[in-house]
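Asker: What would the 3D arrangement of this be:
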Amino acid sequence: MKISFVSSTIILWHLLAPIAAVAEEVKLPTKEQLASDNKMFLTLATKALHWREPQEPFHIAGQLYFVGTKGLSSFLFKTTDGLILLNTGDPTSGPTIEASIRKLGFDPRDVKVMINGHGHSDHAGGFAYLKRLSKAQLAIMEGDVAMIQDGGKSDFHYGHDWQIMGQDPVQVDRILRDGDRVTLGDVTLTAYSTPGHTRGSTTWVTQLVEGGKAYSVVFPDGAGFNPGYKLSGEKADYPGIGQDYRKTHHFLEMLKPDMWFGFHTEYFDMEGKFSRMTEEGPSVWVDPEGYRQFVASKKRAFEDEVDLEMGAKPKKEPDL
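Answerer: All right, here's what the predicted structure looks like:
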């Protein structure tokens, strides 16, 4: 099984395991502890999943570039009328993304539109900094507008702990709804509402042309859940969250992209594919089977978690 198809929680768990093997006195936190201690979870995830580790920016294909870190994805589209930025990183990411854009030879002040997958701080944390820098229009799906504008206080799961899990508030300029299009120059992205992970989780669909060939491209979001989420019954994080997840999984299953990119880099094996780019070129990103497995893994993890909430016995975690 490829590492990119395993949930971030399980990846984090296995990355921490060698620490305990080297030093017996170091005990891994339980999943319950990770769910109840957001500061611990953020600290461990930031280090183990390389959220703040710089990644040399690079051209992917067509008008698409990568300007994120080794662990968190941020994508840049070069258009005839300026730049579109899709996602940032955590609240420290603004200057890093700014530097990456400059390394590619672009001016960060030419970012005209910013969009995202969802409003958690590990993806929306840099918007305030970059909006001050570029004066870009910020376009957000309706369900996440409040949490972007209040810094995370209205998040259905983390709102009570916004001082740890939130980010600087930022004004939303355009409210998106399912099927809306964002166009700048010769680039158009379509926003699809795929709630679950947050109420406003957004999957983006576009097309890239490389070497005279057109590729369908998907940036999926909304399908996964974090430690401590309640997905069913009277204790569900919000009424209808289970139905939202199932609708999202079904919608994502119906998409058939050539290329796809997740907002955590391990989802789409960025490290492995990037290492093969020199030999394989942009075609290394063509991975329809990887997308199918990614969506299937998210759907399976969700149903397994619902089963646990309903009293089923835990299943053995998959080997990496």
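
Asker: which stretches of the stretch 201-320 of the chain form strands?
Answerer: Secondary structure of the stretch 201-320 of the chain (DSSP state E, counting those that start in this stretch): strands at 202-210, 213-219, 259-260.

Asker: which of these sits most buried?
Answerer: Among the strands of the stretch 201-320 of the chain, strand 259-260 has the highest mean neighbour count (mean count of other C-beta atoms under 10 Å), at a mean of 26. Every residue, glycine included, has its C-beta placed from N, CA and C.

Asker: That one packs against which elements?
Answerer: Helices and strands in packing contact with strand 259-260 are listed as strand 213-219, helix 288-309; criterion 3 or more C-beta pairs under 8 Å, 6 or more residues apart in numbering; DSSP states H and E.

Asker: and the angle for the shortest one with helix 288-309?
Answerer: So that's strand 213-219. Here the directions of strand 213-219 and helix 288-309 differ by 10 degrees (axes from the mean of the first three to the mean of the last three C-alpha atoms, to 10 degrees).

Asker: Mind checking the pLDDT average for strand 213-219?
Answerer: Taken as a whole, strand 213-219 carries a mean pLDDT of 98.

Asker: how far out from the middle of the chain is it?
Answerer: How far strand 213-219 lies from its chain's middle: 18 Å, per C-alpha atoms, centre = their mean, to the nearest Å.

Asker: do stretch 74-94 as well
Answerer: Centroid separation between stretch 74-94 and its chain, computed with C-alpha atoms, centre = their mean, is 13 Å.

Asker: do the same with stretch 279-291
Answerer: In terms of C-alpha atoms, centre = their mean, the gap separating the centre of stretch 279-291 from the centre of its chain is 19 Å.

Asker: Am I right that F77 is in a helix?
Answerer: No. With DSSP: H, G, I helix; E, B strand; the rest coil as the criterion, F77 is assigned strand and is not in a helix.

Asker: Could you pull out the helices in the stretch 151-300 of the chain for me?
Answerer: 162-165, 241-254, 270-280, 288-309 (DSSP state H, counting those that start in this stretch).

Asker: Need these in TSV (columns: mean pLDDT, mean neighbour count and distance to G71).
Answerer: Conversion of the helices of the stretch 151-300 of the chain to TSV gives the following (pLDDT from 0 to 100; neighbours: other C-beta atoms under 10 Å; distance: least, C-beta to C-beta, whole Å):
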stretch	mean pLDDT	mean neighbour count	distance to G71
helix 162-165	95	17	17
helix 241-254	98	18	22
helix 270-280	96	14	9
helix 288-309	97	17	17
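
Asker: which one of the strands of the stretch 201-320 of the chain lies closest to E53?
Answerer: Within those, the stretch nearest E53 is strand 213-219; the backing value is 21.5 Å (C-beta to C-beta).

Asker: Need the contact partners of the closest one.
Answerer: 61-62, 64, 75, 86, 117, 203-209, 255-263, 286, 291 (C-beta atoms under 8 Å, 6 or more residues apart in numbering).

Asker: One more pass at 10 Å, please.
Answerer: 60-62, 64, 73, 75, 86-87, 115-117, 189, 192, 202-209, 252, 255-263, 268, 282-283, 285-286, 288, 291, 295 (C-beta atoms under 10 Å, 6 or more residues apart in numbering).

Asker: Restricting to C-alpha, output that strand in CSV.
Answerer: Included here for strand 213-219 are C-alpha records, laid out as CSV according to Å, rounded to 0.1, in the frame of the first residue of the first chain:
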residue,chain,number,x,y,z
LYS,A,213,-2.1,17.4,-24.7
ALA,A,214,-5.0,18.3,-22.4
TYR,A,215,-5.2,16.8,-18.9
SER,A,216,-8.2,16.9,-16.6
VAL,A,217,-7.0,17.9,-13.1
VAL,A,218,-8.7,17.5,-9.7
PHE,A,219,-7.8,18.9,-6.3
